[in-house]
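[1] okay, predicted coordinates and the sequence, questions at the end:
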There are 2 protein chains.
Amino acid sequence: MALDQSLIEALRALLGERFSTATAVRDQHGRDESWHTPEPPDAVAFAESTEEVAAIVRLCAASGVPVIPFGTGTSLEGHVMARKGGVTIDLMRMNRVLEVRPQDMDVTVQAGVTRKQLNEWVRDTGLFFPVDPGADASLGGMAATRASGTSAVRYGTMRENVLNMTVVLADGQIIRTARRARKSAAGYDLTRLMVGSEGTLGVITEVTLRLHGIPEAVSAAVCAFPDLVAAVDTVIATIQAGVPVARIELLDSVMMGAVNAHAKLDYPVRPTLFFEFHGSASGVAEQAATVEALAGEMGGLGFQWATRPEDRTRLWQARHEALWAGLALRPGAKAWTTDVCVPISALADCIDQTRKDADALPFPSGIVGHVGDGNFHVLYMIDPADPAEVALVEAANDRLVARALEMDGTCTGEHGVGYGKMRFLDAEHGPAMAAMRAVKAALDPKGIMNPGKIVW
Amino acid sequence: MALDQSLIEALRALLGERFSTATAVRDQHGRDESWHTPEPPDAVAFAESTEEVAAIVRLCAASGVPVIPFGTGTSLEGHVMARKGGVTIDLMRMNRVLEVRPQDMDVTVQAGVTRKQLNEWVRDTGLFFPVDPGADASLGGMAATRASGTSAVRYGTMRENVLNMTVVLADGQIIRTARRARKSAAGYDLTRLMVGSEGTLGVITEVTLRLHGIPEAVSAAVCAFPDLVAAVDTVIATIQAGVPVARIELLDSVMMGAVNAHAKLDYPVRPTLFFEFHGSASGVAEQAATVEALAGEMGGLGFQWATRPEDRTRLWQARHEALWAGLALRPGAKAWTTDVCVPISALADCIDQTRKDADALPFPSGIVGHVGDGNFHVLYMIDPADPAEVALVEAANDRLVARALEMDGTCTGEHGVGYGKMRFLDAEHGPAMAAMRAVKAALDPKGIMNPGKIVW
């Protein structure tokens, strides 16, 4: 839909040069890092305050025009595509850290602050923000997509690390979802309702986050296993033993082979676990020793561990190279990526079936997992311009999701729904979708908040 | 409202002897452990399955009759009172542990299973369920009220420990709020929406919970402090240092004096912290040593710690005696109890002001805190039959809540809203209450789900 001239004039009056209908600006805001086809909005509004966001939403609401929040554009399922046109609200000028409270170990930031920016800012306090989805995403976007990543096994996802948010609702009302107390039993959990709502229930403009103490010591370890079952059993035993492991990442054999070839390494071409431990100096040594013993019982091959930063970096090099090594399996290809999450008892089987399925496809693929949570990613190296390859990979994705759901898992552990995974939600949630739709209709009766995402 | 005869007949046909309108049964279900006036329902239905709950809700919905879920009746803010009459659904016959999955460290229980029953059941697996609100409450009720307690600082509240639930909605539809994966980004967080909804959005019939490894070793410690600020600063320093403390409880000077008198002990009559540490044998020793050093820097008086069970019990005796010791301050009195939660930087000030306020009242009172979370309870020892005392305590409670809100805290950290704290929600949430009301209206358009609680 094209925007009404009166709305354009009103937005220009509000924002001046910070409102744009230029093609280049629109194009920039109509794509993310996924394989989904770009869909630019009709205009882009660069907001500098919560009040401005509220004014933009009110104007759009009056005209029934869609509103799409935009951060770093690093989403992976088409979250930012303007499926029904409308105005994208770019929040990246709202990039101030508003208040750091070391005693409370929390911080309030505007939505456009990125996680790396935040960690730079708070470093002197001895605190850090642990959620690490890979991309240097905005914290508003990370809250909106319920981001997690490698450290979730220890520190939780955005679900556990957001204390409250300032949100602009569909009618332009500004709310705060909760107080700053660590816990509360005072009414419905609007914070958690908004975390993961992907802009479909409101625009997040400020976020108060938990911080954690920078650990006194960090150790890293790596260990190959004869097979996936042995690797996953080691993960299960580690968690059951109460080892507060900070990260446990899995690379499958294909990825290890790719990493060896790409980075000229000579790791065993076997399923391999990468560990990181946080704690006191003696604590991280004890954690590594416990895991070494458990890995040994499961047939682990050549457990190595280290505490010095340069040695830790070397041990984790293979993990960090995974994406590039995967891409190098097929020069010129793009990585078509997806993720699922299953109960950990089903993880080895799910990865194993997925590996066999992927091996039957005519292009290479790699599996990387945040295995402490039962979450893994598949990267298919395809030519996105080839419709036959796209069709094959979409069918493989359908099978992957069906497999995860069969195991009582979810169609996405951390990438989110956007519109790429909408078609799986009925199968995943069944009659609970009606409740989600009722909530959406209640909070966004005109359907203007990032329409065509999550629910329809 | 009296029940329609046709509804009574339909419920009797469904449940036979398990449907009752007897006064004694109704009275038993019209009260909790709070100071609120009992309000019995018109009838009580003893359900034995999710499908029965759904059938009861459908019948009541057709007649517009309220439905009130009931577990152990240990709520503290009138959550179970039949404010508008209706049918109470007693879930305590749904007391089966449905499935324990040690590899996934989770368990699915019917809503009527209590936390102690669950812990007995899973003990042989080496796992336990940590959330401990004091009462041996039902797990459905604990989920419904977002219960927490002494171990929340380490293990989280019900918010963090519920993986999914089976819920009967207001139209009798049965939903599952999520899959069993540890994390998911697949749509709105219905699990967290239902946790803490106190029966106002649906009836919880089954709960899947995270379990945790029974720690290899446990140590306990106790330390008195010259004043509240020193005690709270020790708590802050402990958490900032990354000590994964399992419990940190505070008793104020009045409570310590009461405990000494009641249990013939001779603790310093000073604010006193009680610690519990979970981990490996060397880990709990290291944690205790770290906290001892921190407490020493803050002026802690006579830090003691122990690992043998009988010694730990002795160290924690004062904490366990607190309620009885408080009641003994005024023989014949009842404890009128309330709780708030504030950012921890404000905790010493909030407790201090509350102590001074309470000292001006003509009856004794005690303060006990889950201080790692900034949460504390005040127990006023009153004669509930004396309207003047009730008026004084209600006014003190109003001042307490106003003080907590002023400090960006919440009117209840763990007891919940029920109807006792409804009148504070507008002040706490402001315009966000409209969003809560919209969610309530969307999921319960007839207003039959535990009406007169949380929202109105």
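    Arrived safely, thanks for sending.
[2] could you look up the SS state of A:G296?
    What DSSP: H, G, I helix; E, B strand; the rest coil gives for A:G296 is helix.
[3] confidence score at it?
    Looking at A:G296, its pLDDT reads 97.
[4] distance check, the residue nearest to it when sequence neighbours are not counted against A:L250.
    Nearest-residue entry for A:G296: A:F303, 7.0 Å, with adjacent residues in sequence omitted and distances by C-beta to C-beta, 6 or more residues apart in numbering or on different chains. For glycine as for every other residue, the C-beta is placed from the backbone atoms N, C-alpha and C. Separation of A:F303 from A:L250 (C-beta to C-beta, to the nearest Å) stands at 15 Å.
[5] all helices for the stretch 201-350 of chain A, in order.
    Using DSSP state H, counting those that start in this stretch, the helices of the stretch 201-350 of chain A run over A:228-240, A:253-263, A:281-297, A:309-320, A:322-328, A:347-359.
[6] what residues does the stretch 1-150 of chain A have near chain B?
    Residues of the stretch 1-150 of chain A lying near chain B by C-beta under 8 Å from any C-beta of the partner chain: A:101-106, A:126-127, A:145-148.
[7] let's see it at 7 Å
    A:101, A:103-105, A:145-146, A:148 (C-beta under 7 Å from any C-beta of the partner chain).
[8] among the helices of the stretch 201-350 of chain A, which is the most enclosed?
    helix A:228-240 (a mean of 23; mean count of other C-beta atoms under 10 Å in any protein chain shown).
[9] care to break chain A down by domain?
    Using automatic domain parsing, the domains assigned to chain A come out as A:5-90, A:97-213, A:216-416.
[10] most packed of those?
    Buried most deeply of those, by mean count of other C-beta under 10 Å, is domain A:97-213, with a mean of 23.
[11] could you report the separation of the residue nearest in space to the middle of chain A from A:L315?
    Closest to where the C-alpha atoms of chain A average out (C-alpha atoms, centre = their mean) is A:A147, at 3.4 Å. To A:L315, A:A147 is 25 Å away according to C-beta to C-beta.
[12] re earlier: which SS class is the residue nearest to the centre of chain A?
    coil.
[13] ok, it - contacts?
    Taking C-beta atoms under 7 Å, 6 or more residues apart in numbering or on different chains, we find A:A147 in contact with A:131, A:133, A:137, A:157-158, A:414.
[14] where is pLDDT lowest across the residues you listed?
    A:P133 (94).
[15] was I right about that residue contacting A:R146?
    No: judged on C-beta atoms under 7 Å, A:P133 makes no contact with A:R146 at a distance of 10.1 Å.
[16] looking at the domains of chain A, which is nearest to B:T23?
    Minimum separation from B:T23 across the domains of chain A (C-beta to C-beta) falls at domain A:97-213, 31.8 Å.
[17] how long is that closest one from one end to the other?
    18 Å (C-alpha to C-alpha, to the nearest Å).
[18] ok now it, how far from the chain's centre?
    The chain centroid and the centroid of domain A:97-213 are separated by 13 Å under C-alpha atoms, centre = their mean, to the nearest Å.
[19] scan chain A for its longest helix.
    The residue-count maximum for a helix in chain A (DSSP state H) belongs to helix A:387-406.
[20] kindly report the residues of the stretch 151-300 of chain A close to chain B.
    Counting by C-beta under 7 Å from any C-beta, the stretch 151-300 of chain A sits next to chain B at A:152, A:157, A:159-160, A:169, A:173-177, A:179-190, A:192-193, A:195-197, A:213, A:215, A:236, A:239-242, A:244, A:280, A:282-283, A:286.
[21] leaving out chain neighbours, which residue sits closest to A:A178?
    Counting by C-beta to C-beta, 6+ apart, A:N164 is the residue found nearest to A:A178 once chain neighbours are left out, at 4.0 Å.
[22] kindly report the same for A:T166.
    Using C-beta to C-beta, 6+ apart, the closest residue to A:T166 is A:E206 (3.8 Å).
[23] how much space separates the one you found from chain B?
    For A:E206, the distance to chain B (C-beta to the nearest C-beta, to the nearest Å) stands at 14 Å.
[24] list the residues that contact that residue.
    A:50, A:98, A:108-111, A:165-166.
[25] and for A:D349?
    Contacts of A:D349 (C-beta under 7 Å, 6+ apart): none.
[26] that older thread, and the residue nearest to A:T166, how far from B:D444?
    A:E206 is 30 Å from B:D444, by C-beta to C-beta.
[27] could you do A:V167 as well?
    23 Å.
[28] point me to the residue of the stretch 101-250 of chain A nearest chain B.
    A:R192 (3.4 Å; C-beta to the nearest C-beta).
[29] tell me the secondary structure at that residue.
    helix.
[30] name the nearest residue to it, sequence neighbours excluded.
    Spatial nearest neighbour of A:R192, excluding adjacent residues (C-beta to C-beta, 6+ apart): B:R192 at 3.4 Å.
[31] now do the one you found, the pLDDT please.
    Looking at B:R192, the pLDDT reads 98.
[32] cool, A:L323 as well?
    So, for A:L323, pLDDT stands at 88.
[33] contact partners for it?
    Taking C-beta under 7 Å, 6+ apart as the test, what A:L323 contacts is A:A335.
[34] so how far is A:A135 from it?
    11 Å.
[35] which residues do the two both contact?
    By C-beta under 7 Å, 6+ apart, no residue touches both A:L323 and A:A135.
[36] ok, back up a step: take the residues of the stretch 1-150 of chain A next to chain B and write them to TSV, including pLDDT.
    Output for those, formatted as TSV (pLDDT from 0 to 100):
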residue	pLDDT
A:R101	98
A:Q103	95
A:D104	97
A:M105	97
A:T145	97
A:R146	97
A:S148	96
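[37] can you list the weak-confidence ranges in chain A?
    A:1 (pLDDT under 70).
[38] what do you get if the cut-off is 80, keeping everything else the same?
    A:1-2, A:456 (pLDDT under 80).
[39] which stretches of the stretch 351-456 of chain A form strands?
    Counting by DSSP state E, counting those that start in this stretch, the stretch 351-456 of chain A has strands at residues A:365-370, A:375-382.
[40] just put the ones you listed in a markdown table and tack on distance to B:L3.
    A markdown table is the format used below for the strands of the stretch 351-456 of chain A (distance: least, C-beta to C-beta, whole Å):
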| stretch | distance to B:L3 |
| --- | --- |
| strand A:365-370 | 53 |
| strand A:375-382 | 49 |
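[41] sorry, back to before: who does the residue nearest to A:T166 bridge with?
    Here A:E206 shows beta-bridge partners A:Q110, A:T166, assigned using DSSP bridges.
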